[in-house]
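> Sequence and predicted model, in that order:
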Amino acid sequence: MDASALTLTVVVGGTIAALLMGLSKTGLPPLGALGAAIIASVLPPVQAAGVALPLLIVGDLVAVSTYGRDVRWRILRGLLPSVTVGLLVGFAALSWAPPDVSARIVGALLLLAGLGDLVRQLAARRARRRPPRPADAETVPAGATPDTPRATLGERLARAALGATAGVSTMIANAGGPPMSLYLLRTGVSRAGLLGTVALFFLTVNVAKLPFSASLGLVSAGSLLVSLALLPGMVAGLLLGRFVAHRISGPVFSTAVLIATALAGARLLLG
């Protein structure tokens, strides 16, 4: 990749994508996958991943400086094994599978996960509006709420699957935000905790991806030049995200996360 890649289509589409990725870092994490899908529509998917990675690291640094005090370390430690497996699977997929096929698989997983959790959340809200029954008081432990899932075997398996999906998604298409957000929503973490934990998680993961990406030829001097041209879009998104994050309610925030996840998955699935 060289300076000739900076066509008007790439600059306009890439700037919009960078704005969404910046917004995802400080406002709504799943929008990053939508941004990644847009940049992959104006550049070949493999080149798009290389262009996006430095921008994402810049966004991660700003997000950590903003929300770092809200990081939930216990959750990050629990994520490490499944995400590591996902990163290795994603690296293997980039090496052997066609990029468009891998991206569509990720898109299908995100679409199903987003819609499934949206249905689950709406059902939980309807249940809270119903009058409590005596049996409910006996079966719900003290201090538990419908938004704080108990770590049953099924729940642990679901979280492990989302952690692995986050690793695969971020390696293949820089689209790990949606599964990571779904994972955190299932733990019942607060909005600030979600943003802080996502920020540190992706700073670590994206920096760790650099040697993999360099070895695959995704990051080069030419790709860095394109990244630099799109940096203003990232800065604008970071500022907009900080403005939005503090002005929407918790239920609206979680619903927006799930809808954005489904939209990002649909965009990747359709190509």
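Alright, I've got the coordinates.

> gap between the most centrally placed residue in the chain and residue 237?
In the chain, the residue lying closest to the centroid (Cα atoms, centre = their mean) is residue 177, at 0.4 Å. For residue 177, the distance to residue 237 equals 13 Å [Cβ to Cβ, to the nearest Å]. Every C-beta, even on glycine, is put in place using the N, C-alpha and C of the backbone.

> Report the buried residues of the top helix by length along the chain.
Secondary structure of the chain read by DSSP state H shows that its longest helix is helix 99-129. By neighbour count with 16 or more other Cβ atoms under 10 Å, helix 99-129 contains the buried residues 99, 102-107, 109-111, 113-115, 117-118, 121.

> show me the residues around residue 267 that make contact.
33-34, 37-38, 107 (Cβ atoms under 8 Å, 6 or more residues apart in numbering).

> just curious, which of those residues is nearest to residue 195?
Distance to residue 195, by Cβ to Cβ, is smallest for residue 33 among the contacts of residue 267, at 16.0 Å.

> From the contact counts, what lies against the longest helix of the chain?
Packed against helix 99-129 by the contact rule (3 or more Cβ pairs under 8 Å, 6 or more residues apart in numbering; DSSP states H and E) you find helix 31-42, helix 45-67, helix 73-96, helix 153-173, helix 177-187, helix 250-270.

> contacting residues around the shortest one?
The contact list for helix 177-187 (Cβ under 8 Å, 6+ apart) reads 24, 29-33, 72, 75, 79, 109-110, 113-114, 117, 121, 148-149, 155, 158-159, 162-163, 165-166, 169, 193-194, 197-198, 201-202, 254, 257-258, 260-261, 264-265.

> In PyMOL, select just the buried ones from the residues you listed.
Buried residues among the contacts of helix 177-187 (16+ other Cβ under 10 Å), as a PyMOL selection:
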select buried, resi 24+29+30+31+32+33+72+75+79+109+110+113+114+117+121+149+158+159+162+163+165+166+169+193+194+197+198+201+202+254+257+258+260+261+264+265
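
> Determine which of the helices and strands packed on helix 99-129 approaches residue 7 most closely.
With distances scored as Cβ to Cβ, the stretch of those nearest to residue 7 is helix 31-42 (8.3 Å).

> Give me the residues contacting that closest one.
By Cβ under 8 Å, 6+ apart, the residues outside helix 31-42 that reach it are 9-10, 13-14, 16-21, 23-25, 48-49, 51-52, 56, 103, 107, 110, 169, 173-178, 260-261, 263-265, 267-268.

> returning to what we had before: can you list the contacts of residue 267 in CSV and add distance to residue 222 and pLDDT?
As requested, the contacts of residue 267 are exported to CSV (distance: Cβ to Cβ, whole Å; pLDDT from 0 to 100):
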residue, distance to residue 222, pLDDT
33, 25, 76
34, 25, 80
37, 22, 78
38, 20, 87
107, 27, 76
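
> Spatially, which two of these are the most separated?
38 and 107 (13.2 Å).

> Can you find the helix or strand of this protein with the lowest average pLDDT?
Using mean pLDDT, DSSP states H and E, helix 134-139 stands out as the lowest-scoring helix or strand of the chain, at a mean of 42.
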